[in-house]
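K.L.:
below are the sequence and a predicted model; questions follow.
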Amino acid sequence: MGRLFLTIAAGSLVVIGGAWILGVKVPDETRNPPHSKLQAKDPGPLLFKKTDAKPIVVSATRSGREIVISDCFLNPLDKVDISSQKEGQLLFIGYEVPMPRWHWFPEIMADYYKNEFGLGIATFSQGDHEAYVPYQRLYDGDPVEDGQMLALINPDLAQSDIELKRAKILAVEAESRASEYLAREARERLARLERMLGTKAFSVEEYTSAQLTSEK
């Protein structure tokens, strides 16, 4: 029995000595009170005041300015395919704001409309010069009227088609004038041959050929 007590005492001395060497201390509730006994302290002044908050402004894109998307992979969630009589690049979805076309410097006028009224400016080639169209963007829920402009497709293809058709019309008109001259000459030649029918100065084949040419 005495040996058991001696073993327990020796073990206790070893544990206490090891704890003293390792620096393990017994917690003291007087120095480190439990969480329930801690007293809340004043955290100090607020970092931000309510008066410093600025009102939320409407995004600039709402006023019709261009939306710029940097280089990225775009995956649209909502997509609508709208058919058109003419193919081409969709310049904007909105309606045109009238701007004087007689102005000598349309680019300066377009910049004025863009900076002063916050409008978008669509540009495209129109013959030998650039055309500028100020527009107001349309958004979901905006009311529209019957016959109102809703979008603008780049009119380059349509303009090229018009110029091609105009060139064809000019060619047909020139061909028509040439045909009128030929028909008038054929009728006059036939009339000359008819006046010389009794002279036998031409053959029957020549006369019938003149008749066919006049009818043609």
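P.N.:
Structure received.

K.L.:
any stretches of this structure with poor pLDDT?
P.N.:
Residue ranges of the chain with pLDDT under 70: 1-6, 9-10, 13-15, 17-40, 48-69, 101-103, 198.

K.L.:
80 - rerun?
P.N.:
Applying pLDDT under 80 to the chain picks out residues 1-72, 74, 76, 79-87, 99-106, 125-129, 157, 197-205, 207, 216.

K.L.:
which helix in the protein has the most residues?
P.N.:
helix 156-195 (DSSP state H).

K.L.:
so which bits of that one are buried?
P.N.:
Neighbour counts over helix 156-195 (16 or more other CB atoms under 10 Å) mark 186, 190, 193 as buried. In short, each C-beta sits where N, CA and C put it, glycine included.

K.L.:
which other helices and strands does it contact?
P.N.:
strand 120-126, helix 204-215 (3 or more CB pairs under 8 Å, 6 or more residues apart in numbering; DSSP states H and E).

K.L.:
winner for burial among these?
P.N.:
strand 120-126 (a mean of 16; mean count of other CB atoms under 10 Å).

K.L.:
neighbouring strands for it, and are they parallel or not?
P.N.:
Using DSSP bridges, the strands paired with strand 120-126 are strand 129-137 (antiparallel).

K.L.:
ok, residues contacting the next helix or strand after the partner strand?
P.N.:
Toward the C-terminus, strand 129-137 is succeeded by strand 151-153 as the next helix or strand (DSSP states H and E). Outside of strand 151-153, the residues within contact range by CB atoms under 8 Å, 6 or more residues apart in numbering are 82, 84, 86-94, 96, 122, 133, 135.

K.L.:
okay if I get the buried residues of helix 156-195 as a markdown table plus distance to K168?
P.N.:
What follows is the buried residues of helix 156-195, written out as a markdown table (distance: CB to CB, whole Å):
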| residue | distance to K168 |
| --- | --- |
| A186 | 26 |
| L190 | 33 |
| L193 | 37 |
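
K.L.:
tell me the one of the contacts of strand 151-153 nearest I16?
P.N.:
For the contacts of strand 151-153, the closest approach to I16 (CB to CB) belongs to I93, at 83.7 Å.

K.L.:
can you list the domains in this structure?
P.N.:
Domain segmentation of the chain under automatic domain parsing yields 83-154, 163-215.

K.L.:
rebuild the ones you listed as TSV, extending it with distance to F73.
P.N.:
Formatted as TSV, the domains of the chain follow (distance: least, CB to CB, whole Å):
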stretch	distance to F73
domain 83-154	20
domain 163-215	39
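
K.L.:
go through the ones you listed and name the closest to G11.
P.N.:
Of all the domains of the chain, domain 83-154 sits nearest to G11, with 80.7 Å by CB to CB.

K.L.:
and the closest one, how far out from the chain middle?
P.N.:
Relative to its parent chain, domain 83-154 has a centroid offset of 12 Å by CA atoms, centre = their mean, to the nearest Å.

K.L.:
now do the end-to-end distance for stretch 119-133.
P.N.:
The straight-line separation of the ends of stretch 119-133 (CA to CA, to the nearest Å) is 10 Å.

K.L.:
can you tell me what sits against that stretch?
P.N.:
So stretch 119-133 is contacted by 63-66, 91-92, 94, 96-97, 99, 106-107, 109-111, 113-114, 134-137, 152, 154-156, 159 (CB under 8 Å, 6+ apart).
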